[in-house]
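Novice: below are the sequence and a predicted model for it; my questions follow.
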Amino acid sequence: MKKILVFLLIVQSIFVFSQKSIKMYPERKGDTLTYYADNQEIYPVSIVFNGQPEVENLKKPELFKTTQIIPAKATKYKVIYFVVNDQKKGWKLKKMPSYKSYMGDITIKNYDKNYVYDLPFRKGKALWIHQGYNGSFSHQNENSLDFIMPEGTEVLAAREGLIIDVVQNNNQSCPTRNCAPFGNYISILHPDGTIAEYFHLQQNGAKVKIGDTVTKSQPIAWSGNTGWSSGPHLHFVTFLPSATADKNRVTVKTLFKTGHGDKTEYLEEGKSYARGY
C-alpha cells in the first residue's frame, strides 16, 4: 500500500503542470503498469516527452516514443506500459519524463501543396493585399496575407474543415504588438492536417462555433479591426503545427482561385484580386 501511495504522489507531481486538454494517468493490473492519456479536445494533440522513463526491476516490452500523437476525443490511449521483471524483488518507477503538448499533429510533413483555396470574400468584390508573404510590418519570416477589408465584410471559409477555436470577445486594437492578444479569430483544421486562422474579426462577429464542420466558401464571420492592427483588414495564415518552430507553427504558402475561377495563383503584396465566381 505504501509503494502505491508513493507512486501516485510521483505521478501527480509529474503532471500537475500539463495542459488541461490532456489527462495522463497510470493503471496497475497484476504485474503490468500502464500509462494512458485522455484527449478532451476535438483535434489531435501532440505530446513531446523530454527523455526516457527511468525504472528499477521494470521492463518496457515496446519502444517508448518521445513524440506521440493523441487522437481527437481519445480515451484510454496507451502511452507506455511496464512489466515487472522479477516478482520476488521490489520495483520502482524512478522517473517519468515531463512533457509539453501542442495543438495538432506535429509529425505531419507532407500536406496538399496543390490545394486551391477560394478567396475569403463574396463574389463581385475585389480586395487589395496590403501585406503579403514575409511582409516588412508584421509578417517577417511568415507566410501570411493581409486583405484590406472594411469592417463588417462577410468572411468566407477559404477551405473546408473543422472549427477548432473561436475568439470573439475582444473590442480593442492598436498599431503595436501590445494589442496582439486582443485580436478576434477563427481557426479551422483542414483534412490534410494544416490549420488556417482568420484574424482581426469583429467583436461577436463569428457565425460558427467550435465543433462545427464548414464547407468551402461558407460564411464564417464578419471582418473587423481588433488586435494588432493599423486599420480594418483580414489576416489569413495557413500553417503546420510544430514543436520547434517560432510560435509552434510552420506557415505555408497557399494557392488561390482568382478572377472568374479560371486562374490559380499565389497572392502578392500590393495587388488587387477580384472574385468573379
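Specialist: Now that the structure is in, tell me what you want to look at. Numbers count the residues shown, from 1 in each chain.
Novice: ok, residue 160 - contacts?
Specialist: 190, 191, 213, 214, 215, 216, 218 (Cβ atoms under 8 Å, 6 or more residues apart in numbering). For glycine as for every other residue, the C-beta is placed from the backbone atoms N, C-alpha and C.
Novice: leaving out chain neighbours, which residue sits closest to the first one?
Specialist: Read that as residue 190. Excluding the flanking residues, the one nearest residue 190 by Cβ to Cβ, 6 or more residues apart in numbering is residue 161, at 4.5 Å.
Novice: tally of neighbours for the one you found?
Specialist: Counted with other Cβ atoms under 10 Å, the neighbours of residue 161 add up to 21.
Novice: quick one: it and residue 121, what's the gap?
Specialist: Note on residue 161: its distance to residue 121, by Cβ to Cβ, to the nearest Å, is 18 Å.
Novice: and residue 155, how many residues sit next to it?
Specialist: 26.
Novice: so what sits opposite it in the bridge?
Specialist: Note on residue 155: beta-bridge partners residue 221, judged by DSSP bridges.
Novice: got the contact list for it?
Specialist: Here residue 155 is in contact with 120, 121, 149, 198, 201, 219, 220, 221, 222, 223, 234 (criterion: Cβ under 8 Å, 6+ apart).
Novice: which ones are touching the fifth one?
Specialist: It refers to residue 201. Applying Cβ under 8 Å, 6+ apart to residue 201 gives the contacts 155, 168, 183, 184, 185, 186, 221, 222, 223, 224, 226, 234.
Novice: how close does the fourth one get to residue 58?
Specialist: To tie it back to what came earlier, the one meant is residue 184. Using Cβ to Cβ, residue 184 is found at 49 Å from residue 58.
Novice: which one of the two has more residues nearby?
Specialist: Using other Cβ under 10 Å, the more surrounded residue of residue 184 and residue 58 is residue 184, with 27 against 19.
Novice: doesn't residue 167 make contact with the more buried one?
Specialist: Yes. Taking Cβ atoms under 8 Å as the definition, residue 184 is a contact partner of residue 167 at 5.3 Å.
Novice: hmm, back to that, narrow the contacts of residue 201 to just the buried residues.
Specialist: Among the contacts of residue 201, those buried by neighbour count (16 or more other Cβ atoms under 10 Å) are 155, 168, 183, 184, 185, 186, 221, 222, 223, 224, 226, 234.
Novice: the third one against residue 200, yeah?
Specialist: Yes. When contacts are counted by Cβ under 8 Å, residue 183 is listed as touching residue 200 (5.5 Å).
Novice: can you list residues touching both of those two?
Specialist: 173, 226, 227, 229, 235.
Novice: residue 68 touches residue 46, doesn't it?
Specialist: Yes. The pair residue 68 and residue 46 passes the contact test of Cβ under 8 Å, sitting 7.4 Å apart.
Novice: where does residue 247 fall, phi/psi-wise?
Specialist: Dihedral pair for residue 247: phi 60, psi 20, per degrees, to the nearest 10.
Novice: can you pull up the most central residue in this structure?
Specialist: residue 103 (3.9 Å; Cα atoms, centre = their mean).
Novice: list the beta-bridge partners for that one.
Specialist: Legend: beta-bridge partners of residue 103 under DSSP bridges are residue 45.
Novice: pLDDT weak spots in this protein?
Specialist: The chain contains residues with pLDDT under 70 at 1-20, 135-140.
Novice: in it, which residue sits furthest out from the middle?
Specialist: No residue in the chain sits farther from the centre than residue 88, which is 47.2 Å out by Cα atoms, centre = their mean.
Novice: how close does that one sit to residue 82?
Specialist: For residue 88, the distance to residue 82 - Cβ to Cβ - is 17 Å.
Novice: and residue 228, by the same measure?
Specialist: Distance of residue 228 to residue 82, given as Cβ to Cβ: 48 Å.
Novice: what's the answer for residue 262, then?
Specialist: 61 Å.
Novice: and those two? Which one has more around it.
Specialist: residue 82 (22 against 9).
Novice: give me the phi and psi for the more buried one.
Specialist: Dihedral pair for residue 82: phi -120, psi 150, per degrees, to the nearest 10.
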